[in-house]
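J.: Pasted the sequence and its predicted model underneath.
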Amino acid sequence: MNLFVFGLGYTALQFIHLHGHRFTSIAGTVRSVEKAKALEAEGVQAFRFDGKDFDPAILQHLDQTEALLISAAPAEGQDPVLEQCSDAIGSAPRLRWVGYLSTVGVYGDAGGGWVDEGTPPNPASARARQRIEAERQWLELGASAPFAVHIFRLAGIYGPGRNALLKVADGTAKRIVKPGQVFNRIHTEDIAQVLMASIEKPSRNAIYNVADDEPGPPQDVIAYAAELLGREPPPEIAFEEADQTPMARAFYEDNKRVRNTRIKSELGVKLRYPMYRDGLQELLQAGAPASVRKP
């Protein structure tokens with residue numbers, strides 16, 4: 001099976017690292033020639049695609065693609081992949097599966113209540129509204145095509161090189177407290193197994209929440225990471241007093257608990273890390289850098 005990825009970023013590369021052996025060929029896009037060369041040295045054929053200009057060889061690869069993963073975010077209100085390549089994708093003769101990586105942010109604020117794939121989206125930010133529009137366009141393309149389109153709404157992503165252990169170790173972790181606030185998370189290994197299970201069961205258009213079993217307060221995650229490292233957790237900071245970027249602050253506008261029943265019932269997925277504690281323990285045991293081991 002040939003895989004093509006629009007947007008060879010963190011999550012897509014983790015998927016390739018774990019399941020690349022399942023594919024006959026792997027290719028994808030990056031925004032710079034330098035990153036393309038670095039990936040090709042690792043056996044991943046990469047082409048430049050910046051949302052407006054792109055290597056025409058991409059179109060030739062789409063003719064041979066059977067599984068297509070979209071990890072590129074909307075830009076300037078448009079989905080760059082659909083804007084540039086919708087005709088080529090729609091007519092790709094071998095294409096059987098398209099996966100689009102979205103976000104649970106499309107649900108907006110539920111006041112700490114539960115949401116599932118049947119909950120009407122209520123995005124609060126412009127970024128989330130762009131995601132909903134991109135989802136709609138991909139599902140619309142799939143409705144009249146011979147391939148399946150699956151939408152994956154991802155919770156907060158963590159994994160190797162991107163987790164609370166590293167933030168505690170390098171002193172950048174903040175224990176921000178907003179009463180009643182909870183988030184779901186998802187380990188990259190679990191994202192990868194959901195994607196692979198979906199590819200193996202390409203039913204007609206579907207939406208899947210990809211989240212763990214335990215939504216929890218963000219300050220608890222930092223405190224647990226500090227406990228694992230044998231360190232004092234950073235002091236609690238009231239949300240109103242925290243120095244945050246506008247983007248970081250915007251995440252706290254949405255408060256919800258995300259149900260993940262569908263990935264289990266339809267795709268047969270059993271999460272490897274159903275709770276953030278499981279994921280952080282594994283990351284520490286799996287050869288974390290010396291800088292995050294206990295002093």
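T.: The structure has been received and is ready for your questions. Numbers count the residues shown, from 1 in each chain.
J.: where in this structure is pLDDT low?
T.: Under the criterion pLDDT under 70, the flagged ranges of the chain are 287-295.
J.: ranges for the helices of it?
T.: Listed in chain order, the helices of the chain (DSSP state H) span 10-19, 33-40, 57-62, 80-90, 126-143, 164-170, 188-200, 218-229, 246-251, 261-265, 276-285.
J.: would CSV of those with mean neighbour count be doable?
T.: Yep, even glycine has a C-beta here, placed from its N, CA and C like the rest. What follows is the helices of the chain, written out as CSV (neighbours: other CB atoms under 10 Å):
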stretch, mean neighbour count
helix 10-19, 20
helix 33-40, 14
helix 57-62, 17
helix 80-90, 19
helix 126-143, 18
helix 164-170, 20
helix 188-200, 21
helix 218-229, 20
helix 246-251, 12
helix 261-265, 14
helix 276-285, 19
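J.: Out of the ones you listed, the one nearest L69 is which?
T.: Judged by CB to CB, the one of the helices of the chain that comes nearest to L69 is helix 10-19, at 6.1 Å.
J.: now what about the closest one, what contacts it?
T.: Helix 10-19 has contacts (CB atoms under 8 Å, 6 or more residues apart in numbering) with 3, 5, 8, 26, 28, 44, 69, 71, 101, 154, 157, 159-162, 188-189, 191-193, 195-196.
J.: if you set the cut-off to 10 Å instead, what comes out?
T.: Outside of helix 10-19, the residues within contact range by CB atoms under 10 Å, 6 or more residues apart in numbering are 3, 5-8, 20, 22-23, 26, 28-29, 39, 42-44, 69-72, 99, 101, 152, 154, 157, 159-162, 186-189, 191-196, 199.
J.: cool, stretch 235-242 as well?
T.: Contacts to stretch 235-242, defined as CB under 10 Å, 6+ apart, come from residues 174-179, 181, 218-219, 222-223, 243-244, 248-249, 252.
J.: what's M196 in contact with, if anything?
T.: Residues in contact with M196 (CB under 10 Å, 6+ apart) are F15, L18, H19, R22, A67, L267, V269.
J.: Equivalent analysis for L141, please.
T.: L141 touches L82, S86, I89, G90, V98, Y100, F147, V149, N205, counting by CB under 10 Å, 6+ apart.
J.: That one and A197, how far apart?
T.: Taking CB to CB, to the nearest Å as the measure, L141 falls 22 Å from A197.
J.: what's I70 in contact with, if anything?
T.: 4-7, 12, 79-82, 89, 98-102, 134, 138, 149, 151-152.
J.: One more pass at 6 Å, please.
T.: F6, V81, Y100 (CB atoms under 6 Å, 6 or more residues apart in numbering).
J.: wait, the second one sits on F4?
T.: If I follow you right, that is V81. No: applying CB atoms under 6 Å as the test, V81 and F4 come out as separate, 10.6 Å apart.
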